[in-house]
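1. the sequence and its predicted three-dimensional model are supplied below.
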Amino acid sequence: MNKTDAYPDRDEGIDGYKKIDRYNTGLIDNLSGLYHNVLEQIGEDPNREGLLKTPERMAKAMLFLTQGYDLNAEEILKSAMFKEEYSQMVVVKDIEVYSMCEHHMLPFFGKAHIAYIPNGHVVGLSKIPRVVDVFARRLQVQERLTNEIRDCIQETLNPLGVGVVIECRHLCMSMRGVQKQNSVTTTSAFTGEFLKEKTRTEFLNLITAKLG
Ligand SMILES: Nc1nc2c(ncn2[C@@H]2O[C@H](COP(=O)(O)OP(=O)(O)OP(=O)(O)O)[C@@H](O)[C@H]2O)c(=O)[nH]1
Ligand SMILES: [Zn+2]
């Protein structure tokens, strides 16, 4: 079996247009060894049948969930910027977010709503969720995730303003710790025109409006 067959999901993820060497065999082997130890330390038997491939699966899953470290959000936006005279607000809402908190490495997940007002250029719509994923697939706090998305769009696209709202549930607050099952955390970040109340209200109305 060659290496590619051994690691068939090496190309999975959001790097459709840029090859990243994240799933290399050395790294997977190192991580698998560490996870083998983790299984032992928590009182499991890593040699029982159901767990034989678990360290390798965990290694691959962790590399997938943190692949944002190997991706460049600025490059992604620059790869699809088009000159266009459209000057109204562009809103992409309800973008699924899956990230992991840097304190417990447990998932937090929910939705991101992103808007910008073009200043001579628009960006390919799919690039906005891709930028969200680049920053979400790292160890994060929700506040920093929100600011990083805002700053990347503002600095790369140079629009008249950017608005970002993220709503997430944190498993570290529901599965363990304080064990609150229904709390949702909302964070927001704005630049330019979105610092004005009128623009911000328009954005907030658009993301709460129902289609149809
Ligand atoms: N601000 C912020 N805090 C977060 C985020 N994700 C997790 N946390 C919090 O990080 C904090 C870490 O607090 P610590 O007291 O060091 O950790 P802990 O003893 O496990 O805390 P508990 O979760 O309260 O049991 C907790 O209050 C978490 O709820 C996030 O995205 N943003
Ligand atoms: Zn946490």
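-> It's in. Ligands and ions are numbered 1, 2, ... in the order given.

2. need phi/psi at the residue positioned nearest the centre of the chain.
-> Centrality entry for the chain: nearest residue to the mean C-alpha point is residue 136, 2.3 Å, by Cα atoms, centre = their mean. The phi/psi pair for residue 136 (degrees, to the nearest 10) reads phi -70, psi -30.

3. residue contacts, the residue in the chain positioned nearest to ligand 2?
-> For the chain and ligand 2, the shortest gap (Cβ to the ion) falls at residue 172, measuring 2.8 Å. The C-beta positions use only the backbone N, C-alpha and C, and glycine is treated the same way. Residue 172 makes contact with 101, 103-104, 106, 108 under the criterion Cβ atoms under 8 Å, 6 or more residues apart in numbering.

4. what about the host helix or strand of it, average pLDDT?
-> Here residue 172 sits within helix 171-174, counting by DSSP states H and E. Mean pLDDT, helix 171-174: 98.

5. likewise stretch 120-133?
-> 98.

6. ok so residue 203 is a strand residue?
-> No: assigned with DSSP: H, G, I helix; E, B strand; the rest coil, residue 203 falls outside any strand and is helix.

7. mind listing the strands for the chain?
-> For the chain, applying DSSP state E gives strands covering 81-83, 90-101, 107-117, 121-123, 139-140, 161-170, 185-190.

8. those: which one's closest to ligand 1?
-> Closest of the strands of the chain to ligand 1 is strand 90-101, at 3.6 Å (criterion: Cβ to the nearest ligand atom).

9. hmm, the closest one touching ligand 1?
-> Yes: using Cβ under 6 Å from any ligand atom, strand 90-101 reaches ligand 1 at residue 101.

10. given that strand, what are its sheet partners and their directions?
-> With DSSP bridges as the test, strand 90-101 is paired with strand 107-117 (antiparallel), strand 139-140 (parallel).

11. looking at the ones you listed, which is nearest to residue 132?
-> Residue 132 lies closest, by Cβ to Cβ, to one member of the strands paired with strand 90-101: strand 107-117, at 5.1 Å.

12. could you check the angle that closest one makes with strand 185-190?
-> Interaxial angle, strand 107-117 versus strand 185-190 (axes from the mean of the first three to the mean of the last three Cα atoms, to 10 degrees): 30 degrees.

13. list the buried residues for strand 107-117?
-> Judged by neighbour count (16 or more other Cβ atoms under 10 Å), strand 107-117 contains these buried residues: 107-108, 110-117.

14. pLDDT for those - can I get that in a markdown table?
-> A markdown table is the format used below for the buried residues of strand 107-117 (pLDDT from 0 to 100):
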| residue | pLDDT |
| --- | --- |
| 107 | 98 |
| 108 | 98 |
| 110 | 98 |
| 111 | 98 |
| 112 | 98 |
| 113 | 98 |
| 114 | 98 |
| 115 | 98 |
| 116 | 98 |
| 117 | 98 |
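
15. nice, that's everything, thank you.
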